[in-house]
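Trainee: need a 3D model of the sequence below.
(one chain, ligands or ions: 3)
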Amino acid sequence: MIISGKEISTKIKDQLKEEVEQMKNKYDRLPKLAVILVGENQASQVYVRNKERGCSYVGMDSLKITHDATFSEEELLNEIKQLNEDDTVDGILVQLPLPDHINEDKVLEAIDPSKDVDGFHPENVAKLFLGQKSLVPCTPKGMMVLLDEINYDLTGKEVVVVGRSNIVGKPVSLLCLQKNATVTIAHSKTKDLKEVCQRADVLIAAVGRAKMINRDYVKEGAVVLDVGINRDENNKLCGDVDFEDVKDKVYAITPVPGGIGPMTITMLLHNTLEAFYHHQGE
Ligand SMILES: NC(=O)C1=CN([C@@H]2O[C@H](COP(=O)(O)OP(=O)(O)OC[C@H]3O[C@@H](n4cnc5c(N)ncnc54)[C@H](OP(=O)(O)O)[C@@H]3O)[C@@H](O)[C@H]2O)C=CC1
Ligand SMILES: Nc1nc(=O)c2c([nH]1)NC[C@@H]1CN(c3ccc(C(=O)N[C@@H](CCC(=O)O)C(=O)O)cc3)C=[N+]21
Ligand SMILES: [Mg+2]
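Mentor: Ligands and ions are numbered 1, 2, ... in the order given. Okay, the predicted model is just below:
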């Protein structure tokens, strides 16, 4: 089975669109997402455009703020402070990576946790760790929604996550643990990665290396979630998984493009609506 994140995300966006319409009538204001982009990173520009498109699809307001790569940390922190104080703004997202002269941790900590639609602020990270209600990182949340969509119960299942980043690997591991999976987190220092991956009922690839996971890593009948966004030898978009090589061995797999990526955007919209409700005292 090929899990179309694109189709599922369209279905969810159509539901969000209806909710937004109701909120507009009820509160006479729209949810609003502010996206800040510093520098000229090509991929970032594509993602930010997709985020704006997502907002307009569901009828939310969006505010795109772009700066050239010389924008200072102090200026960025000031801008975030202003957005924190702006009652018309529900969500604030600072696109990563930031230029080297800007301290990422400092910037993420400056965002009002109630507007932190990425779920990257330490307060939200701590809540996720503790299993308390919080804004949950979009990519991990999108993966859980996809598993739900195919009625896949993680209880007692072996999950192997390849990658331990703060934005994907670690949070998705916690979410799988919450759903009663047995979770292994692998990374660049993991020994015998192939053997570790072969144990997985659910294999999550969040590495950033084109087609690294081939059929030798995959157990027959496994579910494979491919987070990677890479370019192959022909400069074509591809995942961390060699899709053609593994597709006849799996129970289900997400493609790239059209898999996890669109779900990430949709969960961002979902989080923005959640933040809006919170700001309205719901
Ligand atoms: N579809 C989507 O919505 C999203 C896609 N992405 C994509 O997902 C990928 C991962 O992103 P992100 O988590 O930010 O990446 P990072 O670069 O922050 O993390 C990569 C992780 O992979 C590990 N790793 C690197 N090489 C190997 C290897 N040879 N064997 C095993 N593990 C390895 C690293 O290990 P170590 O810690 O030891 O260095 C690290 O933990 C990228 O392609 C990115 O573009 C990211 C976010 C959202
Ligand atoms: N603060 C912050 N939050 C993020 O959520 C964040 C970030 N920084 N930095 C970079 C990563 C990456 N990311 C993606 C979002 C959408 C697609 C996406 O839309 N992918 C499409 C194709 C995109 C294309 O055509 O290149 C797809 O897979 O079908 C991919 C990757 C969010 N990230
Ligand atoms: Mg990173």
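Trainee: okay, CA-based contacts and neighbour counts for the rest of this
Mentor: Fine.
Trainee: in which helix or strand does residue 172 reside?
Mentor: In this structure, residue 172 sits in helix 169-178 according to DSSP states H and E.
Trainee: what helices or strands is that helix leaning on?
Mentor: Applying 3 or more C-alpha pairs under 8 Å, 6 or more residues apart in numbering; DSSP states H and E, one finds that helix 169-178 makes contact with helix 122-130, helix 138-149, strand 158-162, strand 182-186.
Trainee: tell me which of the ones you listed lies nearest to residue 280.
Mentor: Evaluated over these, closeness to residue 280 peaks at helix 122-130, with 19.4 Å, by C-alpha to C-alpha.
Trainee: for the closest one, which outside residues touch it?
Mentor: 109, 113, 119, 133, 134, 135, 136, 171, 174 (C-alpha atoms under 8 Å, 6 or more residues apart in numbering).
Trainee: who's in contact with the fourth one?
Mentor: It refers to residue 133. By C-alpha under 8 Å, 6+ apart, residue 133 lies in contact with residue 127.
Trainee: same check on the first one?
Mentor: Residue 109 makes contacts with 121, 122, as judged by C-alpha under 8 Å, 6+ apart.
Trainee: against ligand 1, how distant is it?
Mentor: As judged by C-alpha to the nearest ligand atom, to the nearest Å, residue 109 and ligand 1 stand 18 Å apart.
Trainee: any idea which element that residue lies in?
Mentor: Residue 109 is located in helix 104-110, with elements delineated by DSSP H and E.
Trainee: what comes up buried for that helix?
Mentor: Going by neighbour count (16 or more other C-alpha atoms under 10 Å), the buried part of helix 104-110 is 107, 108, 110.
Trainee: show me where the stretch 151-282 of the chain has helices.
Mentor: Along the stretch 151-282 of the chain, the stretches classed as helices by DSSP state H, counting those that start in this stretch are 169-178, 193-198, 243-246, 260-279.
Trainee: other residues contacting the shortest one?
Mentor: So that's helix 243-246. Helix 243-246 is contacted by residues 211, 214, 215, 218, 255 when judged by C-alpha under 8 Å, 6+ apart.
Trainee: so how far is it off the chain centroid?
Mentor: In terms of C-alpha atoms, centre = their mean, to the nearest Å, the centre of helix 243-246 is set 23 Å apart from its chain centre.
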